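Q: Sharing a model prediction with you, sequence too.
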Amino acid sequence: MTMPPSNTPAEPPANGPGAVPVDAAASDPAAFDPAAFAQWQLDAYNARDLERFVAAYTDDVTVYRWPDPQPFLVGRAALAEHYRTKRFHLPDLHAALLNRMVIGRTVIDHERVTGVGPEPLNVAALYDVTPAGIQRVCFFSGT
């Protein structure tokens with residue numbers, strides 16, 4: 001299945017829309033837009049573009065699956081390997097954003113994910129975002 005071209009830019013947001021330099025985000029917290037990183041990775045996920053997808057995350061990203069307190073994945077390389085072998089080869093993979101909340105640097109997305117199994121999954125993803133990218137993620141899922 002060929003995916004249509006994405007409108008997502010080739011580079012992740014430096015600090016949200018308009019590519020604000022990291023220095024500006026440090027001096028002006030209003031310039032930092034955590035939701036832009038969440039949208040960036042969601043668009044890349046749906047396009048199954050691994051390079052763009054992992055670019056939204058920090059090198060030391062830690063991924064959790066609730067309720068397990070131990071990390072499921074640690075580091076950008078582990079994240080890339082997981083999505084390369086477990087998700088992006090699935091032809092019907094798609095995450096539909098149902099709701100998004102932004103509280104400070106935390107983004108909480110409610111998504112309906114299809115193409116992973118026979119039934120859609122309801123997923124909540126909690127993203128801890130820094131000006132450098134998504135640093136921590138915790139997934140909550142159910143049917």
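A: Okay, I see it.
Q: ok, which stretches of this protein are strands?
A: For the chain, applying DSSP state E gives strands covering 57-65, 73-74, 94-103, 106-114, 121-130, 133-142.
Q: Format these as a markdown table; extra columns: mean neighbour count, distance to residue 81 and mean pLDDT.
A: Quick note: C-beta positions are derived from backbone N, CA and C, even for glycine. Shown next, in a markdown table, are the strands of the chain (neighbours: other C-beta atoms under 10 Å; distance: least, C-beta to C-beta, whole Å; pLDDT from 0 to 100):
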| stretch | mean neighbour count | distance to residue 81 | mean pLDDT |
| --- | --- | --- | --- |
| strand 57-65 | 18 | 12 | 97 |
| strand 73-74 | 16 | 9 | 97 |
| strand 94-103 | 14 | 19 | 98 |
| strand 106-114 | 18 | 19 | 97 |
| strand 121-130 | 19 | 19 | 97 |
| strand 133-142 | 18 | 16 | 95 |
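Q: Residue 85: which of these is closest?
A: Comparison of the strands of the chain against residue 85 by C-beta to C-beta identifies strand 73-74 as nearest, at 12.0 Å.
Q: Tell me which of the strands of the chain lies nearest to residue 47.
A: The closest of those to residue 47 is strand 94-103. By C-beta to C-beta, the value is 10.2 Å.
Q: and the closest one, which strands flank it?
A: As defined by DSSP bridges, the strand partners of strand 94-103 come to strand 106-114 (antiparallel).
Q: angle of the partner strand against strand 133-142?
A: Strand 106-114 and strand 133-142 are oriented at 50 degrees to each other (axes from the mean of the first three to the mean of the last three C-alpha atoms, to 10 degrees).
Q: quick one: strand 106-114 to chain centroid distance?
A: 9 Å (C-alpha atoms, centre = their mean, to the nearest Å).
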